[in-house]
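Enquirer: With the input below, show me the fold.
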Amino acid sequence: MGHSHSHTDDASLTRPELRRRKAVRRRAVTLLGWVLVPLAVLTLVAMVVMWPSANTGPAPAGNPQAAAPGASIERGTVQRTASEDCSKNAGGMAGTTCYIAFTRVEGLPDVPVVITPDIEASRGVKVGDTISYLNLSGLAAITGAEHGGTNYVFMDFVRTVPMGLLAALYAVVVVAVARWRGLRAMVGLAGAFGVLAWFILPALAQGQPPLLVALVGSSAIMFGVLYFAHGFSVRTSTALLGTLFGLGVTAGLAAWAVDAAALTGTSGHNAYQLANMTSGMSLSGMILCGLVISGLGVLNDVTITQSSAVWELHELAPHTSARELFSSAMRIGRDHIASTVYTIAFAYAGSALPVLLMVSLFDQQLLTALTGAELAEEIVRILVGSIGLVLAIPVTTAVAVAVVKATGRSPQVSHGETARDQVPERV
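Expert: Numbering: from 1, shown residues only. Below is the predicted model of the structure:
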């Protein structure tokens, strides 16, 4: 059984009616262009003006993994593990247990690496693990005295292989299921992280206004990701317009919330070190920028889905009135809102689970715990991001309904394509 899409209804129109419909289509596309093109130009100009300069940025900090003279950081594969009395290790306390991982380095005998108690208590070191350790055996040659401790101390696990395999599996699954569009999404994601690494982070480090950095960088990411992954079409332009609206709402709320809730950004253990390493960057400004960026993915998801829903509903019932089409699409949007709110809340709860557990162990009132420095940033991030995406859904739906009713096009039609270029699709 087959059906023709709404654009085939043009064949039943008289010549004057067809001319009027084409004129309306052109006006709708032109209106989107008049809104989005200046925003794109403004974003590009702002990026050029605010682009970080290598001459004015903070000096690169030293490698935090670098070792002192006479010490070195080595890697090895664990061959076997054992536990022994700490008195056997220089400087060890008798009566306590030391955990040793004997690692193999090519061309050298097994190296006894002392494992710290916290690692042994959580996961431990297993045979076959690749680890990095601090080699202190050369200190005696420099200082002329024994350092009084073990020569080899565990530093960290080497995770290159498992993380690389996981990333490769992710890419394969995305491309296998979403095919060409999945590949384009992966490339777009790489471009988004390029904007983050080369513009947003250096601009913050140089003390640029964090709200402007967040807005300009996020807008650039959305322009690139949406058009690259979903194609240059009226549907994508509609979703982009809704995304930019949600982004503006999120930025405005974030600017107010950071000041009103007194989010200082000093609760992290690296906060003051970060402030000293940058060129006068405000820690609260960093929180503000993070509030805006953290909601980009979900915001993009709800707007492109809502725009697609409007077009699909219109394809199924092209003669539905604008009011009925909006109501039908909003029923889908409300379900999406409910599920997305859960997604955001649980995503942040999972990332902040250690903090949540620590706070739950304190003997204090629930309200005090939720509004304390440890949780306030996460809760404000959830609320600000959720408000932005919820408001973006009706706006995106309204714009999509107006555009689809004006153009009468299927979602696959790109700018500049006419109705006579389309072929009726049979299902």
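
Enquirer: contacts, neighbours, all on C-alpha from now
Expert: Fine.

Enquirer: after the helix or strand harbouring Met47, next one along is what?
Expert: According to DSSP states H and E, Met47 maps onto helix 15-50. Counting by DSSP H and E, the next helix or strand C-terminal to helix 15-50 is strand 72-85.

Enquirer: Would you mind pulling up the elements that that following strand packs against?
Expert: The helices and strands touching strand 72-85, judged by 3 or more Cα pairs under 8 Å, 6 or more residues apart in numbering; DSSP states H and E, are strand 97-104, strand 130-135.

Enquirer: now it: mean pLDDT?
Expert: Model confidence over strand 72-85 averages 82 on the pLDDT scale.

Enquirer: sorry, back to before: looking at the helices and strands packed on strand 72-85, which is closest to Val399?
Expert: The closest of the helices and strands packed on strand 72-85 to Val399 is strand 130-135. By Cα to Cα, the value is 54.4 Å.

Enquirer: In PDB, could you pull the C-alpha coordinates for the closest one?
Expert: Provided in PDB are the C-alpha atoms of strand 130-135 (Å, rounded to 0.1, in the frame of the first residue of the first chain):
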ATOM      1  CA  THR A 130      50.100  -2.700  32.600                       C
ATOM      2  CA  ILE A 131      51.100  -0.200  35.300                       C
ATOM      3  CA  SER A 132      53.300   2.900  35.600                       C
ATOM      4  CA  TYR A 133      55.500   3.300  38.700                       C
ATOM      5  CA  LEU A 134      58.000   5.700  40.100                       C
ATOM      6  CA  ASN A 135      61.600   4.400  40.000                       C
END
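
Enquirer: Given it, what are its sheet partners and their directions?
Expert: As defined by DSSP bridges, the strand partners of strand 130-135 come to strand 72-85 (antiparallel), strand 152-157 (antiparallel).

Enquirer: Does Val187 belong to a helix, a strand or coil?
Expert: helix (DSSP: H, G, I helix; E, B strand; the rest coil).

Enquirer: and the strands paired with strand 130-135, which is most packed in?
Expert: strand 152-157 (a mean of 19; mean count of other Cα atoms under 10 Å).

Enquirer: what's that strand in contact with?
Expert: Contact with strand 152-157 is made by 111-116, 129-137, as judged by Cα atoms under 8 Å, 6 or more residues apart in numbering.

Enquirer: pLDDT weak spots in this structure?
Expert: The chain contains residues with pLDDT under 70 at 1-25, 54-70, 85-98, 105-108, 139-150, 267-272, 275, 278-280, 408-427.

Enquirer: all helices of this protein, in order?
Expert: 15-50, 117-122, 139-143, 160-195, 201-205, 210-230, 234-260, 271-277, 283-294, 296-316, 322-351, 353-361, 366-370, 373-407 (DSSP state H).

Enquirer: Now do the second one: which elements does it pack against?
Expert: Based on contacts counted as 3+ Cα pairs under 8 Å, 6+ apart, the elements that helix 117-122 packs against are strand 97-104.

Enquirer: in the strand it packs on, what's buried?
Expert: 98-104 (16 or more other Cα atoms under 10 Å).

Enquirer: Just put those in a markdown table and tack on distance to Leu212.
Expert: Output for the buried residues of strand 97-104, formatted as a markdown table (distance: Cα to Cα, whole Å):
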| residue | distance to Leu212 |
| --- | --- |
| Cys98 | 53 |
| Tyr99 | 51 |
| Ile100 | 52 |
| Ala101 | 50 |
| Phe102 | 52 |
| Thr103 | 50 |
| Arg104 | 52 |
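
Enquirer: So for Ile293, which of the helices and strands packed on strand 72-85 sits nearest?
Expert: Closest among the helices and strands packed on strand 72-85, using Cα to Cα: strand 130-135, at 33.7 Å.

Enquirer: mind listing what Met222 touches?
Expert: 240, 243, 296, 300.

Enquirer: burial of Phe228, as a residue count?
Expert: For Phe228, the neighbour count with other Cα atoms under 10 Å is 18.

Enquirer: Distance of it relative to Phe193?
Expert: 14 Å (Cα to Cα, to the nearest Å).

Enquirer: How about Thr305?
Expert: Counting by Cα to Cα, the gap from Thr305 to Phe193 is 23 Å.

Enquirer: Could you check which of the two is surrounded by more residues?
Expert: Legend: neighbour count by other Cα under 10 Å for Thr305 and Phe193, higher for Thr305 (17 against 13).
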